[in-house]
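Visitor: sharing a sequence plus its predicted fold:
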Amino acid sequence: MLVLSPPDAFGTVEEGIYRSSDAITSDHYPFLRNLRLCHIVFLSTEVPSRAIQKFAAEEKINLIHLGLKAWQANLGWKPVSEELVKEGLELILNRNNIPVLLMCTTGLHETGAFVGCLRKLQHWNYNSIIFEYRSFAGKRSRYYIEQFIELFDTDLITIPSEVPPFFTTQQVMWEAEDIQFLQQKWGSQFIKP
């Protein structure tokens, strides 16, 4: 009997978008194959392990090392750069690029910051974003990552023309909620555009 074993810190972010640490071994390959990945987005500055490179090559998965750009940037207190998050979000919000696996060394910090920025773009409540981050990071959560998420400017993101269904549904719900709020506040003076 085949046992499917996910990598450390594995989780489903949204349908077709997954997250994990980079600590994968051949034991994880059957599980990862079932995801039918198109891309692995590596967010850490470190070079992806040989196991990741081998798996991606064998399965013809596009391995994108976005964290490599951070070597050239002076990030200071930031866990990742705004440019990395912008490029990564625009990549995963294109429905043609999923299923995708987001990965960093621990699966907690760079990935947590990235997913937090996605949640902010999805109009999640800040407390809910931090709750999700802390549920993965546990005792290793970092205040500066929470601050990065809070200060991230979602207006930097150019939304692709072909977004995944989860994003379309959430945007429609958000707009409906906005209209309902405006109608409650302004009454009949507000007419839906």
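Guide: Thanks, I have the structure now.
Visitor: what stretches of the protein score poorly on pLDDT?
Guide: Low-confidence segments of the chain, defined by pLDDT under 70, span residues 1, 69-77, 79, 170-193.
Visitor: what's near enough to touch the residue nearest to the spatial centre of the chain?
Guide: With distances taken as CA atoms, centre = their mean, V115 lies nearest the centre of the chain, 3.6 Å away. Taking CB atoms under 8 Å, 6 or more residues apart in numbering as the criterion, V115 is in contact with 13, 19, 102, 132-133. Placement of C-beta: from N, CA and C, glycine included.
Visitor: figure out the helix or strand that it lives in.
Guide: Element membership for V115 (DSSP states H and E) is helix 109-121.
Visitor: and the following helix or strand past that helix, which residues are buried?
Guide: Counting by DSSP H and E, the next helix or strand C-terminal to helix 109-121 is helix 126-137. By neighbour count with 16 or more other CB atoms under 10 Å, helix 126-137 contains the buried residues 129-130, 132-133, 136-137.
Visitor: quick one: buried residues of the helix holding V115?
Guide: Applying 16+ other CB under 10 Å to helix 109-121 flags 109-121 as buried.
Visitor: and which of those is nearest S161?
Guide: L121 (16.1 Å; CB to CB).
Visitor: which non-adjacent residue is nearest that closest one?
Guide: Closest residue to L121 apart from its sequence neighbours, by CB to CB, 6 or more residues apart in numbering: T154 at 4.7 Å.
Visitor: ok, so what distance separates that neighbour from E59?
Guide: Relative to E59, T154 is positioned 32 Å away (CB to CB, to the nearest Å).
Visitor: ditto for S21
Guide: 18 Å.
Visitor: how about F167?
Guide: Applying CB to CB to F167 and E59 gives a distance of 26 Å.
Visitor: the two: which has the busier surroundings?
Guide: Neighbour count, other CB atoms under 10 Å: between F167 and E59, F167 has more, with 19 against 14.
Visitor: and that one, what helix or strand is that in?
Guide: With DSSP H and E as the test, F167 turns up in helix 165-186.
Visitor: quick one: the helix holding V115 to chain centroid distance?
Guide: A distance of 5 Å separates the centroid of the chain from that of helix 109-121, by CA atoms, centre = their mean, to the nearest Å.
Visitor: returning to that earlier point: from L37, how far out is the residue nearest to the centre of the chain?
Guide: 17 Å.
Visitor: same check on L102?
Guide: Counting by CB to CB, the gap from L102 to L37 is 11 Å.
Visitor: between these two, which has more neighbouring residues?
Guide: Shown here are L102 and L37; by other CB under 10 Å, L102 has more neighbours (25 against 21).
Visitor: leaving out sequence neighbours, find the closest residue to that one.
Guide: R19 is the one closest to L102 (CB to CB, 6+ apart), at 4.6 Å.
Visitor: that neighbour reaches D8, doesn't it?
Guide: No. R19 is beyond contact range of D8, at 10.7 Å (criterion: CB atoms under 8 Å).
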